[in-house]
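**Student:** requesting a structural model of the entry that follows:
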Amino acid sequence: MPSIQFSRIVILESLEKDKTGRKLYDDLRLINIQHDRNIEVIYSEVGTKKEFLAKLISLKQEAEEGHWPILHFECHGKDDTTGISLANGEIMSWAELKPYLTAINIATQCNLLVVMAACYGGHMVQIIQPIDRAPCLALLSPTNEIYPDEILKPLTAFYTELLNSLNLNAALNKLRSYPITDGGYDFKTAPDFFQSVYVGYIKGCSDQKAFKIKHRVKNMYMELKKSGISPHGGLGAIKKILKQSQPEYFKWFYKNFFMTDLFPENKLRFNITFPDLQEKAEHSKRVLSANLLENKK
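**Tutor:** Here you go, the predicted structure:
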């Protein structure tokens, strides 16, 4: 797991009722005082998209001044898994949210942990592409529908342990000790995002029999459109990306995603190589082939 640095926990809430964010803030403020870690716990309530985006812009500016947050969202997730809804009913798609998170992550040198306390929050990963900068260092979120009590108790335990030990692994273990009715909390890091998507690209480019480039490009385009994303350059741009999934291009994708061009020290934090991804792609294909043979029996 890559290292993480932060100096504040920012709870951004946009709920009409069951304000779990406020309850979480009240608990964490007392816990934080006991440990005296010099970590700020901040609570902000926003009702509209305009207020929401203004707060994100402000957090980016503050991060540039050295105030690096863990960014915690308390809101409702859309049932179609494409984004979140705010207190006034406005919708914020993952695609709309991504550039603001990316800006904060750049300001923190790829140290932004996003905690998405919203139903289906884990589906934010669908907008992450290796051609972009990483929008966060890691994402902690429920995968399915979740109830208020399943937010407050596990996440209070998570932050209590984090403030107590400053150990992210220990904090995640505390959170996972709480049962969830449907699904659970998922924790994914920037290397997880990058490897998952890039392995898919390698597989799509290397196995022409199983994945025709033209067919795969069309499918990817439709998947992005469903997620509310309009790929710049259309089908041609996606086709070019797929064809460029070769070792010489991997270096550029890696450098851009993990920001090693801006922060060379990130090379020590994110140890991923093209041969590693090739091996993962080959392993995935072997497993798929074995499953297909098993199903035919």
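
**Student:** which residue packs closest to Leu262, ignoring adjacent ones?
**Tutor:** Once flanking residues are discounted, Leu262 sits nearest to Ile106: 7.1 Å by C-beta to C-beta, 6 or more residues apart in numbering. (Glycine included, C-beta is placed from N, CA and C.)

**Student:** test my guess that the one you found contacts Asp132.
**Tutor:** No - using C-beta atoms under 8 Å, Ile106 makes no contact with Asp132, being 11.0 Å away.

**Student:** the two: which is more packed in?
**Tutor:** When neighbours are counted by other C-beta atoms under 10 Å, Ile106 and Asp132 differ, and Ile106 comes out ahead with 19 against 14.

**Student:** shouldn't that one be within a strand?
**Tutor:** No - assessed by DSSP: H, G, I helix; E, B strand; the rest coil, Ile106 does not belong to a strand; its assignment is helix.

**Student:** quick one: pLDDT of it?
**Tutor:** The per-residue pLDDT reported for Ile106 equals 98.

**Student:** so which residues of the stretch 151-297 of the chain form strands?
**Tutor:** Remark: strands assigned in the stretch 151-297 of the chain by DSSP state E, counting those that start in this stretch are 185-189.

**Student:** low pLDDT regions in it?
**Tutor:** Low-confidence regions of the stretch 151-297 of the chain, defined by pLDDT under 70, span residues 201-246, 284-285, 287-297.

**Student:** quick one: contacts for the residue nearest to Leu262?
**Tutor:** For Ile106, the contact set (C-beta atoms under 8 Å, 6 or more residues apart in numbering) comprises 133, 259, 262.

**Student:** before we move on, what about Pro264?
**Tutor:** With C-beta under 8 Å, 6+ apart, Pro264 has no contacts at all.

**Student:** relative to Ala157, how far out is it?
**Tutor:** Distance of Pro264 to Ala157, computed by C-beta to C-beta, to the nearest Å: 37 Å.

**Student:** Thr108 too?
**Tutor:** Separation of Thr108 from Ala157 (C-beta to C-beta): 25 Å.

**Student:** end-to-end on stretch 72-91?
**Tutor:** Stretch 72-91 has an end-to-end distance of 18 Å (C-alpha to C-alpha, to the nearest Å).

**Student:** pull out the buried positions in it.
**Tutor:** Residues of stretch 72-91 classed as buried: 72-78, 81-87 (neighbour count, 16 or more other C-beta atoms under 10 Å).

**Student:** ok, stretch 10-20 next?
**Tutor:** Buried residues in stretch 10-20, counted by 16+ other C-beta under 10 Å: 10-15, 19-20.

**Student:** excluding its backbone neighbours, what's nearest Ile128?
**Tutor:** With C-beta to C-beta, 6+ apart as the criterion, Ile128 has its nearest non-adjacent residue at 4.6 Å, and that residue is Phe193.

**Student:** kindly report the same for Ile272.
**Tutor:** Pro191 (5.9 Å).

**Student:** then Asn105?
**Tutor:** Among residues not flanking Asn105 along the chain, Leu112 sits closest, at 4.1 Å (C-beta to C-beta, 6+ apart).

**Student:** hmm, the one you found is touching Leu101, no?
**Tutor:** Yes - using C-beta under 8 Å, Leu112 is in contact with Leu101, at 6.8 Å.

**Student:** got any residues that touch both of these two?
**Tutor:** Common neighbours of Leu112 and Leu101 (C-beta under 8 Å, 6+ apart) are 71, 135-136.

**Student:** hey, where'd the helices end up in the stretch 51-200 of the chain?
**Tutor:** Per DSSP state H, counting those that start in this stretch, the stretch 51-200 of the chain carries helices over the ranges 94-107, 148-165, 168-176, 190-206.

**Student:** I appreciate the help and will end here.
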